[in-house]
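Asker: Fold the following, please.
(chains A, B, C and D)
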2 protein chains.
Amino acid sequence: MTADLSTTSYALLGLLALDPADAPEGLTGYELKQRCDLTMRYYWVSPATSQVYTELARLARLGLVDTTDAPNGRRNTRRYALSDSGRTALLAWLETSEPAFPVLKHPVALRLMFAHMVGPEHVQRWLDTYIAQLEQRTADLRAVREMLGDDPRLRSPATVADWGLAYFANESAVAADVRERGAADEG
Amino acid sequence: MTADLSTTSYALLGLLALDPADAPEGLTGYELKQRCDLTMRYYWVSPATSQVYTELARLARLGLVDTTDAPNGRRNTRRYALSDSGRTALLAWLETSEPAFPVLKHPVALRLMFAHMVGPEHVQRWLDTYIAQLEQRTADLRAVREMLGDDPRLRSPATVADWGLAYFANESAVAADVRERGAADEG
DNA sequence: TAGCCAGTATTCCAGTTAGGAAGATTCCGC
DNA sequence: GCGGAATCTTCCTAACTGGAATACTGGCTA
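Answerer: Residues are numbered from 1 along each chain as shown, chains lettered A, B, ... in the order given. Model (predicted):
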């Protein structure tokens, strides 16, 4: 019945499902992109702005989102809200399909494959960069996690945030370990 | 001087750099794709066959790989080997550029965001699926790791494999924990 | 010993995704 | 009422995916 959508499509559908209460008219593509950048980026590629609009147009064409045009001065602002069939499609996806295995693009691990080709100082630099980036991301995600608090209605996103923090912590530990062992080889 | 290449281009260049000894003529696109599927997929998207060939054509055009054509029956088989300027470009990339932060596409975490929309049995199912997939991947990667052994020449790939195993172990632990806490909520 | 199937090797295509640039407009502080 | 930040959308190009199509080799078996 419903055409097969990409996971990113369902992700956007899901984001629209998360706040119907405070936004009855739905969200603009711009706002949706901001939501993606705020939370989704920790466990999914935050789609490019152009892709957000492309997906929304597709979802509207399929009747999975309702659109409302509101004149905004001389210009038109279009809001997208989850439709009934959109909610049905989202639920069907959650209930009947199996999650695929995660895909990782890990530039540090990739470079590490070729570590023997360059001096150890470069490997140390890669790891230092990565560890610093991890600290920044951890701080950002911790802020998100604290925003979510103990509210039982936000338990699902909170669980995901905790998962992300555990992932970052593990990456930090492994990176630090590899760095140390590399340094030890020099001694 | 050298045009900017995608990370995937450098990954292929790196794979070609890994075994020049036993393959002086280089590898075919098909063999390269197999190498990707065997090891690269644990920390990078294994590129589609069509992309492997597209990239190799680009690298050949840029002079970063040398090609050798060998007639194979009525047809031609082309082998690709790292050229001197290819090696230089790879080293320059490793030595002068910083690794970007990893990108993750985690379908389980994505679904978990919407856990409250469906019955807990579905969440259990997602996590069970994921835990089973992790076991399979862990076994596969462990086999790769054992193939690499203690050989000091293979220390770099071995480190990456260990990193992957630590990542899988952490994911398994977190998934099991989330699963248990979800089940506890039912009690 | 012909037939078949698995494996090797490459190309083509249509569609999706990524990333960036460019634009038009509104909002807000000064 | 000016200027810059924020809002909102579109367009373009390149990268990438997945699948199908094509062609040949070699081994097994009936």
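Asker: From here on, just use CA atoms for contacts and neighbour counts.
Answerer: Noted.
Asker: Quick check: buried residues in the helix ranked longest in chain A?
Answerer: For chain A, the longest helix by residue count, based on DSSP state H, is helix A:155-186. Across helix A:155-186, burial judged by 16 or more other C-alpha atoms under 10 Å in any protein chain shown covers A:155-172, A:174-176, A:178-179.
Asker: That helix vs helix B:155-186, what angle?
Answerer: Put simply, helix A:155-186 runs at 150 degrees to helix B:155-186, going by axes from the mean of the first three to the mean of the last three C-alpha atoms, to 10 degrees.
Asker: pLDDT averaged over helix A:155-186, what's the number?
Answerer: Mean pLDDT, helix A:155-186: 90.
Asker: what packs against that helix?
Answerer: helix A:120-148, helix B:107-112, helix B:155-186 (3 or more C-alpha pairs under 8 Å, 6 or more residues apart in numbering or on different chains; DSSP states H and E).
Asker: Minimum distance to DNA strand D: which of those helices has it?
Answerer: Closest to DNA strand D of these is helix B:107-112 (C-alpha to the nearest atom of the strand; 13.4 Å).
Asker: Show me how far the closest one is from its chain's centre.
Answerer: Relative to the centre of its chain, helix B:107-112 is centred 22 Å away, using C-alpha atoms, centre = their mean, to the nearest Å.
Asker: Say whether DNA strand D is contacted by that helix.
Answerer: No. Helix B:107-112 does not reach DNA strand D (C-alpha under 7 Å from any atom of the strand); its nearest approach is 13.4 Å.
Asker: And the contacts of that helix?
Answerer: Outside helix B:107-112, the residues within contact range by C-alpha atoms under 8 Å, 6 or more residues apart in numbering or on different chains are A:7, A:11, A:40, A:43-44, A:94, A:99-102, A:156-157, A:159-160, A:163, B:123, B:126-127, B:130.
Asker: and DNA strand C, which of those residues reach it?
Answerer: Within the contacts of helix B:107-112, those near DNA strand C by C-alpha under 7 Å from any atom of the strand are residue A:7.
Asker: Buried ones from the contacts of helix B:107-112, can you make that a PyMOL selection?
Answerer: Here is the PyMOL command that selects only those of the contacts of helix B:107-112 that count as buried (16+ other C-alpha under 10 Å):
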select buried, (chain A and resi 7+11+40+43+44+94+99+101+102+156+157+159+160+163) or (chain B and resi 123+126+127+130)
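Asker: how close does the closest residue to residue A:162 other than its chain neighbours sit to residue A:46?
Answerer: Excluding its sequence neighbours, the residue lying closest to residue A:162 (C-alpha to C-alpha, 6 or more residues apart in numbering or on different chains) is residue A:145, at 7.3 Å. Going from residue A:145 to residue A:46 by C-alpha to C-alpha, to the nearest Å gives 18 Å.
Asker: Residue B:103 versus residue A:138, what's the distance?
Answerer: Going from residue A:138 to residue B:103 by C-alpha to C-alpha gives 15 Å.
Asker: Residue A:82 too?
Answerer: Residue A:82 is 28 Å from residue B:103, by C-alpha to C-alpha.
Asker: for residue A:61, same thing?
Answerer: 30 Å.
Asker: Between the two, which has more neighbouring residues?
Answerer: Set side by side, residue A:61 and residue B:103 show more neighbours around residue B:103, with 18 against 11, by other C-alpha atoms under 10 Å in any protein chain shown.
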